[in-house]
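[1] could you look at this predicted model? Sequence included:
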Amino acid sequence: MSNRTLTFNIFRFDPYRPEVAPYMQSFSVEELDGMTVFVALNKIRETEDTAIKFDFVCRASICGSCAMLINGRPQLACKTLTRNLPKKITLMPLPVFKLIGDLSVDTGAWFRHLSLKTKSWIHTDKAFDPQVLEERMDNQTALDIYEAERCIECGCCIASCATANIMEDFWGAAGINRVARFMIDPRDGRSGKEYFEVIGSEQGAFGCMGLMACDDLCPMELPLQMQLAFVRRKMLGLGFKV
């Protein structure tokens, strides 16, 4: 059994009390074997402050809801073991996204806006016929699409992105990955010019500084660097034709 006493310094902000400026509050937690930051937060909420706000759904690293800054690094609270952290742990909400309260941010509205801006749906002129069998897709293409689809929209790549922290309308790795998913999908009928109009700009593929913090900090270990390179090559080639 672990015998460490952990100190959590947690960002606090209540939007219903605007007269109270944001502040940091400390809590002490006795560490347990296999404890995650998420488990520690639940313990704090159950035993010390029932009003503390943070998001969670699955508790299994597949929903992305519990992303936050843990000692300055965007991570999932349910996936981060306290044994890998020092005794003093600072928790902050993710930057870029709208702050709801304490550690809770609105990633949902941001990603909905991203879906609309990147037009994240299959574009086709084919009429739907429920009697026709689905078109076959080769295994490698299906795997490539699945790889991009593994994004859980946690926002860690956006929070860690220097450009996204400077440019409000930059789509970041999440947007580039989203577009790459449709560019490799043979069912999507958009032309190269149409894709260029979607992402061939500073808001899309050409706004990235190339620091690749997104690739380093993605909890799903998506190949975001490769997706960026893929989309940029496509856009560069199309740029000479547009």
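    Done, it's in. Residues are numbered from 1 along each chain as shown.
[2] how much space separates the residue nearest the centre of the chain from Lys117?
    For the chain, Gly155 is the residue whose C-alpha lies nearest the centre (C-alpha atoms, centre = their mean; 2.2 Å). For Gly155, the distance to Lys117 equals 16 Å [C-beta to C-beta, to the nearest Å]. (Each C-beta comes from the backbone N, C-alpha and C, glycine too.)
[3] got the contact list for Ala77?
    Ala77 makes contact with Thr36, Val37, Phe38, Leu41, Phe54, Phe56, Cys66, Ala67, Met68, Ile70 under the criterion C-beta atoms under 8 Å, 6 or more residues apart in numbering.
[4] run the last query once more with 6 Å
    When contacts are counted by C-beta atoms under 6 Å, 6 or more residues apart in numbering, Ala77 touches Val37, Phe38, Cys66, Met68.
[5] as a markdown table, those residues with neighbour count would be great.
    Output for these, formatted as a markdown table (neighbours: other C-beta atoms under 10 Å):
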| residue | neighbour count |
| --- | --- |
| Val37 | 26 |
| Phe38 | 20 |
| Cys66 | 25 |
| Met68 | 29 |
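[6] which two among these are spaced furthest apart?
    Phe38 and Met68 (9.7 Å; C-beta to C-beta).
[7] all helices for the chain, in order.
    Assigned by DSSP state H, the helices in the chain fall at 37-47, 107-117, 139-149, 156-159, 162-166, 172-183, 192-199, 213-217, 224-239.
[8] make CSV from the ones you listed and add mean pLDDT and distance to Gln75 to it.
    Formatted as CSV, those follow (pLDDT from 0 to 100; distance: least, C-beta to C-beta, whole Å):
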stretch, mean pLDDT, distance to Gln75
helix 37-47, 96, 8
helix 107-117, 95, 14
helix 139-149, 95, 21
helix 156-159, 97, 7
helix 162-166, 94, 17
helix 172-183, 95, 16
helix 192-199, 89, 27
helix 213-217, 95, 7
helix 224-239, 88, 16
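[9] out of these, which one sits most buried?
    Mean neighbours per residue, mean count of other C-beta atoms under 10 Å, is largest over these for helix 156-159, with a mean of 28.
[10] ok, and what's touching it?
    By C-beta under 6 Å, 6+ apart, the residues outside helix 156-159 that reach it are 67, 74, 94-96, 164, 172-174, 214, 217-219.
[11] ditto for stretch 45-59
    Stretch 45-59 is touched from outside by Phe27, Leu41, Cys63, Ser65, Cys66, Cys78, Gly101, Asp102, Leu103, Ser104, with contacts defined as C-beta under 6 Å, 6+ apart.
[12] and what of stretch 20-30?
    Under the contact criterion C-beta under 6 Å, 6+ apart, stretch 20-30 has outside partners Thr5, Leu6, Thr7, Phe8, Asn9, Ile10, Arg12, Phe13, Ala40, Lys43, Ile44, Glu48.
[13] burial count for the fifth one?
    Around Asn9 there are 14 other residues, counting by other C-beta atoms under 10 Å.
[14] ok, now the fourth one?
    By other C-beta under 10 Å, the residues close to Phe8 number 21.
[15] OK, contacts around it?
    Taking C-beta under 6 Å, 6+ apart as the contact definition, Phe8 lies against Phe27, Ile89.
[16] what's opposite it in the beta bridge?
    For Phe8, the beta-bridge partners are Phe27, Ile89 (DSSP bridges).
[17] quick revisit: determine which two of the contacts of stretch 45-59 are furthest apart.
    Greatest spatial distance in those: Phe27 and Cys63, 24.5 Å, computed using C-beta to C-beta.
[18] end to end, how far does stretch 196-212 reach?
    Taking C-alpha to C-alpha, to the nearest Å, the first and last residues of stretch 196-212 lie 22 Å apart.
[19] ditto for stretch 18-37
    End-to-end for stretch 18-37, by C-alpha to C-alpha: 28 Å.
[20] before I go, just wanted to say thanks for your time.
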